[in-house]
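Q: generate a structure from the sequence data that follows.
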Amino acid sequence: MSTSESRWSKDIPVKLIKNNEIHVWRAFLELSSTQRQYFMGILSSDELKRMKRFHFKRDEDRFIAARGILRVIMSYYIEKSPEEISFEYTSQGKPIVTENPGSDTIHFNLSHSNRFALYAVTFNSSIGIDIEFIRTDAVVEQIAQKFFSQNEIRAIQNIQEKNRTKLFFQYWTRKEALLKAAGDGISSQMCQFDVSLINEKKFLPISYHPKNEIQSQWYVRDLMSFENYVAAIAVEGGNKDLLFWNYSH
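A: Next up is the predicted model:
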């Protein structure tokens, strides 16, 4: 995906998403007091309980924004108001819509890091998305030794030191997006597949078949590199067209 801001539309999609499309939304998580009050009013009781677990107001506000924006975005695709949408959660904590009668199955995923969130929406294909703020204090080589494949470890070791941290986070987002699409936890499964050849030009297939899983074909690609963030997306079954939207409060 090009880093050009012209790729990001500010208009709400007029037509429902097509089966061969993925809509990717980008949102800024800083809220005014009015916006915070609105989102608090549309969150479920369960979400409000989760909100109270945060120790710092900044983290609480970003959770409120991320979940409130998810509800608003999903209301564009489901014939319900934001506060009426009901979510359930997989064993790994991935939210799913419990009701969408009379239509194709809608799949979505969200990720937020620091001040930004990304959301992905598609029909009839499992999907995962991940965004990461590039933290310069991350001990990237030690983490890579635990979670990455040998090819990925060598690539990080061989790249110039000034580019090492960004490459690490690119690999991390690709892996996490795939595991979220597959509905799996992170843990040691990250080293079971190699994402070193993925890029932002197109979806590329990844061989990943955890135990007891129905054989699926997964495709991964980079999404962006803007400011100090990197991101990636994964989808089941094949290539789809990406369309990009900026969420405005």
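
Q: for the nearest residue to R7 once chain neighbours are set aside, which residues make a bridge with it?
A: Distances taken as Cβ to Cβ, 6 or more residues apart in numbering place F244 nearest to R7, at 5.0 Å, with adjacent residues excluded. For every residue, glycine as well, the C-beta is placed using N, CA and C. F244 has these beta-bridge partners by DSSP bridges: W8, V24.

Q: can you count the residues close to F244?
A: Counted with other Cβ atoms under 10 Å, residues neighbouring F244 total 19.

Q: over to A66?
A: Other residues near A66 come to 19 when the count uses other Cβ under 10 Å.

Q: and it, what element?
A: helix 57-77 (DSSP states H and E).

Q: the helix or strand that that helix is followed by: which residues count as buried?
A: Moving toward the C-terminus from helix 57-77, the next helix or strand (DSSP H and E) is strand 87-89. Residues of strand 87-89 classed as buried by neighbour count (16 or more other Cβ atoms under 10 Å): F87.

Q: partner strands of the helix or strand just after strand 87-89, with direction?
A: Once strand 87-89 ends, the next helix or strand along the chain (criterion: DSSP H and E) is strand 95-97. As defined by DSSP bridges, the strand partners of strand 95-97 come to strand 87-89 (antiparallel).

Q: what's the strand it pairs with in contact with?
A: Outside strand 87-89, the residues that touch it by Cβ atoms under 8 Å, 6 or more residues apart in numbering are 44, 95-98.

Q: could you rerun that using 10 Å?
A: The contact list for strand 87-89, computed with Cβ atoms under 10 Å, 6 or more residues apart in numbering, reads 44, 46-47, 67, 70-71, 74, 94-99.

Q: hmm, back to that, tell me the average confidence for the helix holding A66?
A: Averaging pLDDT along helix 57-77 gives 94.

Q: A helix includes Q157, no?
A: Yes: the assignment for Q157 is a helix, going by DSSP: H, G, I helix; E, B strand; the rest coil.

Q: would you check that it makes contact with R164?
A: Yes: counting by Cβ atoms under 10 Å, Q157 touches R164, with 8.2 Å between them.

Q: ok, so what distance separates the closest residue to T105 other than its chain neighbours from G237?
A: Distances taken as Cβ to Cβ, 6+ apart put N124 closest to T105, at 5.6 Å, once the chain neighbours are dropped. Using Cβ to Cβ, to the nearest Å, N124 is found at 8 Å from G237.

Q: ok, now E30?
A: From E30 to G237 the distance is 36 Å (Cβ to Cβ).

Q: please apply the same query to I85.
A: 25 Å.

Q: ok, I17 next?
A: With distances taken as Cβ to Cβ, I17 is found 15 Å from G237.

Q: more crowded one of those two?
A: When neighbours are counted by other Cβ under 10 Å, I17 and G237 differ, and I17 comes out ahead with 17 against 13.

Q: count of neighbours near the closest residue to the more buried one other than its chain neighbours?
A: Of all residues not flanking I17 in the chain, H23 sits nearest, at 5.6 Å (Cβ to Cβ, 6+ apart). Using other Cβ under 10 Å, H23 has 21 neighbouring residues.

Q: and for A27?
A: Neighbour count of A27, defined by other Cβ under 10 Å: 23.

Q: A helix includes it, no?
A: No: going by three-state DSSP, the assignment for A27 is strand, not a helix.

Q: show me what contacts it?
A: Contacts for A27 (Cβ under 10 Å, 6+ apart) come out as 65-66, 68-70, 72-73, 110, 112, 115-119, 245-249.

Q: and it, how far from G128?
A: Distance, A27 to G128, using Cβ to Cβ: 18 Å.

Q: same thing with R221?
A: 12 Å.

Q: between these two, which contacts overlap?
A: Common neighbours of R221 and G128, counting by Cβ under 10 Å, 6+ apart, are 177, 232-235.

Q: before we move on, the earlier item: neighbour count winner among Q157 and R164?
A: R164 (18 against 12).
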